[in-house]
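A.B. asks: can you look at this prediction? I've put the sequence above it.
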Amino acid sequence: MRFGDLRERLGDVSPALLTDRLNALIEAGVVQRAVLPAPFNAQVYELTETGRAIQPAIRELIRWGGRFLFPMRKGEAFEPDWVLLALEAIARRTAVPQCRIGLRIPYPGGSAGFIIEGGSEGTRIAKGQSSGIAAIEAQFDILLQILGRHLPLDEAVASGAAKIEGSSQTLRRLPSLFELATAKR
């Protein structure tokens, strides 16, 4: 991310404090500076191999902490990238049914789009729009209830909590692409 993007996402952090923290992470070998190629020509900060090595531990923290996310409280921030992190944390890493499903998560100020693909390598998630494939639109907490099999897809659609397009048969595979912690939310 660019410095400005990091600062924007971190709220009230001062530029001096962010600079100090980034420099400390660079010194520790966790983050490195890089330059995006033309036409962007922007300096960005990215994780090094050492920085990426913590991702499995972060995934487990996300899985554990997910039970405390909802309901959202007044004034809490929402970032579409957090949805991607959360979905990656609970994605199955073993063979799952072959399918391609679109996902739209509405939030104040917009909607985040993702493509979920299942196959022999497990579940893959990427940002993207879901035109032409089976798709579901739901608030993130509703989606988690569907993925955790606490709320049947048909019931979510009937109540208006979720909207679907395309094959409902394909969409019923969605929970099998993810594994959620067994603890109650």
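C.D. replies: Nice, thanks for sending it over. Residues are numbered from 1 along each chain as shown.

A.B. asks: packing partners of the helix or strand bottoming out on mean pLDDT in the chain?
C.D. replies: Sorting the helices and strands of the chain by mean pLDDT, DSSP states H and E puts helix 55-65 at the bottom, at a mean of 81. In this structure, helix 55-65 packs against helix 80-90, with contacts taken as 3 or more Cβ pairs under 8 Å, 6 or more residues apart in numbering; DSSP states H and E. The C-beta positions use only the backbone N, C-alpha and C, and glycine is treated the same way.

A.B. asks: and the helix it packs on, what's buried?
C.D. replies: Across helix 80-90, burial judged by 16 or more other Cβ atoms under 10 Å covers Pro80, Trp82, Val83, Leu84, Ala86, Leu87, Glu88, Ala89, Ile90.

A.B. asks: and stretch 97-109, by the same measure?
C.D. replies: Across stretch 97-109, burial judged by 16+ other Cβ under 10 Å covers Cys99, Arg100, Ile101, Gly102, Leu103, Arg104, Ile105, Tyr107.

A.B. asks: domain map for the chain?
C.D. replies: 3-52, 58-177 (automatic domain parsing).

A.B. asks: low pLDDT regions in this structure?
C.D. replies: Counting by pLDDT under 70, the chain shows low-confidence ranges at 66-67, 69-72, 181-185.

A.B. asks: and the longest helix for the protein?
C.D. replies: helix 15-27 (DSSP state H).

A.B. asks: could you dump that helix to PDB, C-alpha only?
C.D. replies: Only the C-alpha atoms of helix 15-27 are listed here, as PDB (Å, rounded to 0.1, in the frame of the first residue of the first chain):
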ATOM      1  CA  PRO A  15       2.400  10.900   9.700                       C
ATOM      2  CA  ALA A  16       5.400  10.900  12.000                       C
ATOM      3  CA  LEU A  17       4.200   7.900  14.000                       C
ATOM      4  CA  LEU A  18       3.400   5.900  10.900                       C
ATOM      5  CA  THR A  19       6.800   6.800   9.400                       C
ATOM      6  CA  ASP A  20       8.500   5.600  12.600                       C
ATOM      7  CA  ARG A  21       6.500   2.400  12.700                       C
ATOM      8  CA  LEU A  22       7.100   1.600   9.000                       C
ATOM      9  CA  ASN A  23      10.900   2.300   9.400                       C
ATOM     10  CA  ALA A  24      11.000   0.000  12.400                       C
ATOM     11  CA  LEU A  25       9.200  -2.800  10.400                       C
ATOM     12  CA  ILE A  26      11.600  -2.200   7.500                       C
ATOM     13  CA  GLU A  27      14.600  -2.500   9.900                       C
END
